[in-house]
Structure formats: C-alpha cells, structure tokens
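J.: Please work out how this folds:
(one chain, ligands or ions: 3)
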Amino acid sequence: MKQMIKPWRHVFKLDPDREIDDHALEAVCMSGTDAIMVGGSSGVTFENTVDLMSRVRRFELPCVLEVSNLEMIVPGFDLYMIPMVMNTADSEWITGQHQRAVEEYGYMIPWDLLVPEGYIILNPDSTVARLTGAKTGLEAAEAAAYAQVADKLMSLPVIYVEYSGTFGDMDTVKKIHQSIQSAKLFYGGGIHDEETAAKAAAVCDTIVVGNAVYENLEQALLTVKAVK
Ligand SMILES: CC(C)=CCC/C(C)=C/CC/C(C)=C/CC/C(C)=C/CC/C(C)=C/CC/C(C)=C/CC/C(C)=C/COP(=O)(O)OP(=O)(O)O
Ligand SMILES: O=P(O)(O)OC[C@@H](O)CO
Ligand SMILES: [Mg+2]
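T.: Ligands and ions are numbered 1, 2, ... in the order given. Have a look, this model is predicted:
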C-alpha cells in the first residue's frame with residue numbers, strides 16, 4: 001500500500017478548514033493529479049475532515065490524510081502521512097505528539113498505512129513554522145544535512161520540503177534532492193501556475209499544490225500539465 005506514493009509526481013493538498021464547492025472539487029479530482037492529500041496546520045477537526053474525505057471519495061483517486069493533530073484522525077483514508085519535523089529543537093514535533101498518539105490509539109493503529117515524513121520547514125512566515133518553532137534560516141548545505149539524517153539515518157520514506165505560502169529556493173531543494181538516496185522528495189509551497197510547477201518538479205519527486213486551489217483554480221489546474 002505504502003508503495004503507492006512512489007510514482008506520484010503531483011498532489012493537491014486540500015484543507016478541511018477551507019471551503020471548496022462541488023464544481024471546484026470535481027475539477028481538482030478529475031485533473032489528472034496523482035492523489036489528494038487532506039491536511040492543514042490549523043482549524044482541522046474530525047468533522048471537517050470526515051466531510052472532505054467523503055466528498056473526495058466520490059472520485060477514484062488515492063486520498064491520504066496528513067496528520068497534524070490527534071482530533072483529525074478519521075478512519076477510511078488510503079494512507080496516513082505522519083510529519084516529523086527535522087529542523088526544530090522542540091521534541092514535541094519530532095516524537096512527542098507521536099508518542100501520545102501511539103499510546104492513545106495503541107492496537108488500533110494500521111501500521112501498514114502509516115508513512116512518516118521528514119519535514120524540513122523553510123518559510124519563517126508560515127503558520128507551521130511558528131507552530132513548530134522551526135529553525136528556518138538554513139543554508140542549503142544545512143538543509144541537505146537534515147535531509148540526509150531523515151533519509152540515511154532514520155530511513156524515512158518521504159522528505160517534505162515545506163515552504164507553505166511562498167515559492168522556495170529551488171537551489172536548496174535541488175541540493176537536498178541530490179543529497180538523498182532512498183527517500184522520495186516532496187516539495188510544497190507557492191506553486192500557483194504551470195511555470196512554478198515545472199521549476200519545482202525539476203528538482204524534486206513530487207510537487208504539492210495547496211493554496212492555489214483556493215486562490216486561482218484555473219491556474220492551479222495547469223500545474224498538473226507541467227509534470228505530465
Ligand atoms: C483507526 C485509525 C485510522 C487509526 C489512525 C491511525 C493513526 C493515524 C494513528 C496516529 C499515529 C501517529 C504517530 C500520529 C502522529 C500524531 C501527530 C499529531 C503528530 C504531529 C505531526 C506534526 C509534526 C505536526 C506539525 C504541523 C505540521 C508539520 C503539519 C503538516 C501539515 C501542514 C504543514 C500544513 C500546512 O498548512 P497550511 O494550511 O498550508 O498552512 P497555512 O495556514 O500557512 O496556509
Ligand atoms: O499552500 P501552498 O503554498 O501551495 O503549499 C502547499 C503545501 O506544502 C502546504 O503544506
Ligand atoms: Mg495552506
């Protein structure tokens with residue numbers, strides 16, 4: 001099951017805390033994207049997550065949950081992506097919440113469906129950077145070293161370079177990509193049209209498009225074309 005992420009080149013990330021009408025949701029799900037990732041850094045609850053999952057489930061593409069709090073865990077997703085923030089000193093976001101989740105869910109956890117992600121958060125102005133106390137002012141070599149810790153020491157299957165809200169430094173993403181061996185590199189942040197999609201797709205395995213869906217859907221849909 002976990003292998004399903006390997007060929008993904010394009011993912012739309014939908015936020016349960018934001019409105020999307022049926023017409024827009026259909027366009028996103030029928031766009032040719034490889035998967036829908038459900039997630040967000042704030043305002044995500046059990047209710048709004050169930051609602052979005054059941055609407056996405058009308059379409060035939062993979063639908064995965066990116067877990068950012070314990071309240072949003074809903075059964076029925078294809079996979080559960082579990083962020084572990086590499087560049088924070090606050091262990092709460094590396095193993096702390098995870099330890100409590102395992103304690104709480106215990107034997108119910110479908111381990112085969114869990115995909116840990118080594119998160120490297122690089123936009124200092126993002127909600128997620130503030131929330132996790134991420135050390136964002138990294139040189140490319142420093143970021144690449146975090147990526148190698150995730151890939152070569154911790155054997156995480158996914159490294160996620162997160163510039164949520166802004167288009168990042170593609171040289172840094174490229175250096176990270178060149179430095180890793182086994183993990184798949186996801187990039188997200190500020191991809192809003194075909195051009196930014198193509199630039200990001202050239203330096204990572206999988207691009208993730210979030211806010212653009214809500215800000216300019218027509219342009220957001222063109223990001224699929226850039227990687228296919
Ligand atoms: C029966 C059944 C299905 C059981 C469920 C099994 C399961 C999934 C068990 C849990 C196992 C487990 C170990 C869970 C971990 C729990 C947890 C809360 C971990 C913490 C994760 C973490 C580090 C969160 C920090 C925030 C983060 C990295 C969020 C990722 C999403 C993100 C960056 C969104 C960006 O948000 P966006 O909305 O774009 O931001 P803006 O507001 O700035 O736009
Ligand atoms: O919303 P954007 O900036 O596209 O970022 C996508 C994703 O990486 C957010 O977690
Ligand atoms: Mg967002």
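J.: Residue 185 falls within a helix, correct?
T.: No - checked against DSSP: H, G, I helix; E, B strand; the rest coil, residue 185 lies outside a helix; its state is strand.
J.: Which residue, other than its chain neighbours, is closest to it?
T.: residue 204 (4.4 Å; Cβ to Cβ, 6 or more residues apart in numbering). For every residue, glycine as well, the C-beta is placed using N, CA and C.
J.: sec struct for that neighbour, please.
T.: Residue 204 falls in the coil class when you classify it by three-state DSSP.
J.: Quick check: residues of the chain near ligand 2?
T.: 13, 162, 164-165, 188-191, 208-212 (Cβ under 6 Å from any ligand atom).
J.: got CSV for these, with neighbour count too?
T.: Below are these laid out as CSV (neighbours: other Cβ atoms under 10 Å):
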residue, neighbour count
13, 20
162, 27
164, 22
165, 16
188, 23
189, 24
190, 18
191, 28
208, 25
209, 30
210, 24
211, 19
212, 21
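J.: give the contact list for the nearest residue to residue 90 once chain neighbours are set aside.
T.: Once flanking residues are discounted, residue 90 sits nearest to residue 133: 4.7 Å by Cβ to Cβ, 6+ apart. Shown in contact with residue 133 (Cβ atoms under 8 Å, 6 or more residues apart in numbering): 88, 89, 90, 93.
J.: let's go with 10 Å and repeat that
T.: 85, 87, 88, 89, 90, 92, 93, 121 (Cβ atoms under 10 Å, 6 or more residues apart in numbering).
J.: Now do the second one, the pLDDT please.
T.: Predicted confidence (pLDDT) at residue 87: the value is 98.
J.: distance of it from residue 212?
T.: Residue 87 is 25 Å from residue 212, where distance means Cβ to Cβ, to the nearest Å.
J.: And for the fifth one?
T.: Residue 90 is 30 Å from residue 212, where distance means Cβ to Cβ.
J.: The third one too?
T.: In this structure, residue 88 and residue 212 are 27 Å apart, going by Cβ to Cβ.
J.: circling back to that earlier point, so how many other residues sit close to the residue nearest to residue 185?
T.: By the criterion of other Cβ atoms under 10 Å, residue 204 has 22 neighbours.
J.: pretty sure it contacts residue 173?
T.: Yes - with contact defined as Cβ atoms under 10 Å, residue 204 reaches residue 173; the gap is 5.8 Å.
J.: Give me the number of neighbouring residues for residue 182.
T.: Neighbours of residue 182 using other Cβ under 10 Å come to 9.
J.: got the contact list for it?
T.: So residue 182 contacts 151, 152, 155, 156, 157 (Cβ under 10 Å, 6+ apart).
J.: Tell me the pLDDT of the residue nearest to residue 90.
T.: Reported pLDDT for residue 133: 98.
J.: Tell me the spacing between the residue nearest to residue 225 when sequence neighbours are not counted and ligand 1.
T.: Sequence neighbours aside, residue 194 is the residue nearest to residue 225 in space, at 6.0 Å (criterion: Cβ to Cβ, 6+ apart). In this view, residue 194 and ligand 1 are 21 Å apart by Cβ to the nearest ligand atom, to the nearest Å.
J.: Angles on the backbone of residue 194, please.
T.: Residue 194 adopts backbone torsions of phi -60, psi -40, taken as degrees, to the nearest 10.
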